[in-house]
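> can't give you the sequence, but here's the structure:
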């Protein structure tokens, strides 16, 4: 694998993927041909009759829907083979192809996790005025099979969404201005170049630093550029020489960024700490008072439970849920320890102290 990492493999995507080992890739981002089958050679803007950008390239042409479906199944099968069992599969498309692609994915055994709507905040208008403005594309996020194991950096995405769960509709500009690569003729190098902000969200959501991301339709190299920026590895496959040259130059200019203020460590990946360990570490003591967000007062018991005058004895989680009338609640986020001087310390801060001590002991070992 080492010889392929962070390189562009030139040639047919299916043939080149066959060279990759089984279960060697952490994530795939695929932006396949859409098979647009445009009925006119050129679209003109009505206000000035200048030609509008559209996809009429040879790589987007297929003789029939059956031919396109066969091609789709073949490259998807190779993606599934090279993906690790806990890997992520991302495919983007428009109404022209995404439903056919989605059906093929399900037929091959992929398990669909989400469909994401990329809402283009500055879409190209429908110049002929015969349809609604096509203002979105659809991304399918899936795993190779229904294993239940995959990377989802929930807390990082929640941070991006202003502290709320990130939704499946993403408002992101189309690729314009200095970000869009130009060819030797001064025009756009690639008609379907995706914005870096879109790939940033995909990669930050579903991969870890050091992971390998495969893009079988590498085009202008957006996947590679963002992967390098975010501390991931990448493999690109592309057959067009002009795209490869542009992508190489582009990626060479990218510098990795500091991710410490961007990525949030997933709590579920951190070392587990039981409530009783806070007592064992001397951070809490039996008989100490804990105070809840609503001012509720409970006492720590010798069996690491909480005693309430009316509700009896329960764990930190059940007690927090009962007080709030909830089905369940994370007690680590609810309780604070009352110190002798009356100040309050969140028990989650005490848990972090125990966790840090565990890391130190593991490092020493």
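On my side now, so go ahead. Just so it is clear, the structure is predicted and the values come from calculations on it, not from any experiment.

> Show me what the closest residue to residue 227 other than its chain neighbours is bridged to.
Nearest non-adjacent residue to residue 227, counting by Cβ to Cβ, 6 or more residues apart in numbering: residue 234, 4.0 Å away. C-beta coordinates here come from the backbone N, C-alpha and C atoms, glycine included. Taking DSSP bridges as the rule, residue 234 bridges to residue 213.

> Residue 234 touches residue 222, doesn't it?
No. Applying Cβ atoms under 8 Å as the test, residue 234 and residue 222 come out as separate, 10.4 Å apart.

> How many neighbouring residues does the residue nearest to residue 227 have?
Applying other Cβ atoms under 10 Å, we find 26 residues neighbouring residue 234.

> Tell me if I am right that residue 236 is in a helix.
No. Residue 236 is assigned strand when assessed by DSSP: H, G, I helix; E, B strand; the rest coil, not a helix.

> Report the contact partners of it.
Residues in contact with residue 236 (Cβ atoms under 8 Å, 6 or more residues apart in numbering) are 7-9, 214-215, 218, 221, 223-224, 247.

> and the residues you listed, which are buried?
Taking 16 or more other Cβ atoms under 10 Å as the criterion, what is buried in these is 8-9, 214-215, 218, 221, 223-224, 247.

> The residues you listed: which two are farthest apart?
By the measure Cβ to Cβ, 214 and 247 form the most distant pair in these, at 14.4 Å.

> quick one: the strands in this structure?
7-10, 25-30, 83-93, 111-120, 136-143, 169-172, 212-215, 233-238, 289-291, 297-300, 306-308, 312-314, 336-338, 344-346 (DSSP state E).

> now what about the fifth one, what contacts it?
Right, the one you point to is strand 136-143. For strand 136-143, contacts defined as Cβ under 8 Å, 6+ apart pick out 86-95, 98, 101-102, 105, 110-120, 123, 149-150, 202, 206.

> What of the longest one?
When contacts are taken as Cβ under 8 Å, 6+ apart, the neighbours of strand 83-93 outside the stretch itself are 23-32, 34, 79-80, 98, 101-102, 105, 110, 118, 137-145, 147, 149-151, 194, 202, 206-207.

> can you state the direction angle for it and strand 111-120?
Comparing the axes of strand 83-93 and strand 111-120 via axes from the mean of the first three to the mean of the last three Cα atoms, to 10 degrees yields an angle of 30 degrees.

> Cool, thanks, signing off.
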